[in-house]
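Sequence and predicted structure below; questions after.
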Amino acid sequence: MERTRRSSLAKAKSVLHRLNSQPTTAKEYDMVVRDGESHESARLESLAIIRQLKALGREDIGSVITFEELDLIEATIQISVKLSNSHILAMQTTAEKTLDSLKKSDKGYLLDDEMYNSLKSFMTVTVETPKEKFQRAVKAISLIARSVSPLFGAAGSELPNYCLEGVTRWGFDVIDVEKRTNGQSLVWVCETLMAKSGLLEHLEIDESTLHCWLLGVNEAYLTTNPYHNSVHGADVCQTLFCLLQSGSMMHSLSNKSKFALLLSSVAHDVAHPGYNNNFLVNSNDPTAITYHYDSPLEHMHSAKAFEIMRMPGCDVLSFFDGENMKDVRAMIVSNILATDMESHFGSISNLNQRLASTGVSMNNENDANLVAGMMLHAADVSNPAKKWEYYRKWSELVMSEFYRQGDKERELGMKVTKGYDRMNKIPQSKFQNGFLAFIVQPLYQALHKSEYLNLNVQLEQINDNLSSWEKIAENGEEV
């Protein structure tokens, strides 16, 4: 413990040095933020170190660095934004609104006038450099968070708890959670579901280690993608949990398998570039070359998930012994590979053959792996099995990303993928009808026949959505 403490304190000083040497202009800071994976790795490592320091307790670290300084460093590292006046103003405005809302709430009397005025004046002090403005804005938000904590238990905890009601129900709105948790839906949703499953307790997984890994995964998703971003990861995780509950799978799969599935669901599209496998292969993309043109995205997602686990404090598999760790790794890879559309028809065919012969059993390792992978695939393409309004939100986002790929293909002189060409759009009723009837519906039907999952609700919703598209086509009301 003493050795760990000294190592952490030494690294903390390095983090402090990095903070103090931050560039002072927007342009310089932007260059650092765009400095590729090395910067991202350093940032994740720094966050992990800070959380380890906090875990040591005030007595151990108080003589070297204060908790307040740690809060400031953590917030500064987490918010990788350009140091422009507009960003700083937005941060200060957010802080002021939080403070005013707290003062006006039914617990506002606990925030006395002296504290309120002090915080308010702190946020409006004029400073000279962009660096100082940025740090002051971050510190203001951090200070408010610490002030809110004694009143509500944890900064913002009341809102997330409220908006996560119903998280185990089919069709839960993860997009709304993303808005309410300021871009942290993946972390909140997965941690909540892990807690409800009891897996952390049964497998003796440390919550803070899971939290650190989830933060790393959340940040590794590209926010510029309309569809393949961390919100999609959160949605697939929530949907997968519902599928586990839909029949006897929650009791039939081993705890190890369920844990691997939930981790797979969160990371199944991590670091997705917004372009599909065919684009990467046809454009001779470095990712395709790295993985020998074989499911490049899925192999990359798996590798990224394990890469984040190598960050200090993020190894969620370190709680397993050697053989079990290998098993979980293999399950994660297998599950994520099963989300490749190239595997779609082969997986359905394999399952139907097994069902027609001896049936499937979760006691059979091959059967369990096949069904687990197909469940993750079903969660990945689950939008058409949700209520029409929610399904339409996601279909618009995915089409936006498809059209962006089509634009890139045209720019590079490549053949534009059918359905991805905004200049020659296929009617959505035709595009979506084909996806539902030939991809989603057969997948859900095959899983339903396994008798381990009860997907009547999902299949009924798929039929309803198919009917809606047919009516749109008949009435010429394309959306």
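Structure's in. What do you need?

any weak-confidence spans in this structure?
Judged by pLDDT under 70, the chain has its weakly predicted residues at 1-99, 101-103, 105-163, 479.

same thing but at 50, please
1-40, 79-85, 87, 127-128, 146-160 (pLDDT under 50).

Spell out the residue ranges of the strands in it.
In the chain, no segments count as strands under DSSP state E.

For residue 385, grab the count of nearby residues.
27 (other C-beta atoms under 10 Å). Yep, even glycine has a C-beta here, placed from its N, CA and C like the rest.

how about the nearest residue to it, chain neighbours excluded?
Sequence neighbours aside, residue 458 is the residue nearest to residue 385 in space, at 4.2 Å (criterion: C-beta to C-beta, 6 or more residues apart in numbering).

Quick one: neighbours of the one you found, just the number.
Counted with other C-beta under 10 Å, residues neighbouring residue 458 total 27.

That one and residue 444 touch, don't they?
Yes - look at residue 458 against residue 444 with C-beta atoms under 8 Å: they come within range, at 5.4 Å.

And the residue nearest to residue 385, how far from residue 436?
Using C-beta to C-beta, to the nearest Å, we find residue 458 at a distance of 12 Å from residue 436.

again, but for residue 192
In terms of C-beta to C-beta, residue 192 sits 30 Å off from residue 436.

ok, the residue nearest to residue 385 - contacts?
Residue 458 makes contact with 170, 246, 382, 385, 444, according to C-beta atoms under 8 Å, 6 or more residues apart in numbering.

Now, these that are in helices?
residue 444 (DSSP state H).

which among the contacts of residue 458 gets closest to residue 313?
The nearest member of the contacts of residue 458 to residue 313, counting by C-beta to C-beta, is residue 382 at 32.1 Å.

For the spatially closest residue to the closest one that is not a sequence neighbour, give me its contacts.
Nearest in space to residue 382, with sequence neighbours left out and distances taken as C-beta to C-beta, 6+ apart, is residue 239 at 4.7 Å. Contact analysis of residue 239 by C-beta under 8 Å, 6+ apart lists 170, 265, 379, 382.

between those residues, which has the most around it?
Ranking these using other C-beta under 10 Å puts residue 265 first, with 28 neighbours.

Thought residue 382 was touching that residue, still the case?
No - in this structure, residue 265 is not within contact of residue 382 by C-beta under 8 Å, at 10.9 Å.

Common neighbours of these two, please.
236, 239.

how about the contacts of residue 239 in CSV, adding distance to residue 406?
Listed next are those as CSV, based on distance: C-beta to C-beta, whole Å:
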residue, distance to residue 406
170, 32
265, 28
379, 26
382, 24
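
about what we covered before: among residue 192 and residue 436, which residue is more densely surrounded?
A direct count of neighbours by other C-beta under 10 Å for residue 192 and residue 436 places residue 436 higher, at 22 against 19.

Can you give me every residue that contacts the nearest residue to the more buried one once chain neighbours are set aside?
Nearest non-adjacent residue to residue 436, counting by C-beta to C-beta, 6+ apart: residue 384, 4.8 Å away. Contacts were defined as C-beta under 8 Å, 6+ apart; by that measure residue 384 touches 391, 395, 432, 435-436, 440, 462, 465.

Show me just the buried residues among those.
Buried by 16 or more other C-beta atoms under 10 Å: 391, 395, 432, 435-436, 440, 462, 465, out of those.

Identify the farthest-apart pair in the residues you listed.
That would be 395 and 462, which, of the buried ones among the contacts of residue 384, are the farthest apart (C-beta to C-beta) at 13.4 Å.

buried residues in stretch 375-389?
375-386.

Including distance to residue 399, could these go into TSV?
Shown next, in TSV, are those (distance: C-beta to C-beta, whole Å):
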residue	distance to residue 399
375	25
376	23
377	20
378	21
379	20
380	17
381	14
382	17
383	12
384	13
385	18
386	16
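
Closest to residue 348 out of the residues you listed?
residue 377 (9.5 Å).

if I read this right, that closest one contacts residue 342, doesn't it?
No - Residue 377 lies out of contact with residue 342 (C-beta under 8 Å); the separation is 11.3 Å.

Count the neighbours of the residue lying closest to residue 305 once chain neighbours are set aside for me.
Computed as C-beta to C-beta, 6+ apart, the closest residue to residue 305 that is not its neighbour in sequence is residue 267, at 3.8 Å. Neighbourhood size, residue 267 [other C-beta under 10 Å]: 30.

pretty sure residue 267 contacts residue 233?
Yes - between residue 267 and residue 233 there is a contact under C-beta under 8 Å: 7.1 Å.

which neighbours do these two share?
Joint contacts of residue 267 and residue 233 (C-beta under 8 Å, 6+ apart) are residue 217.
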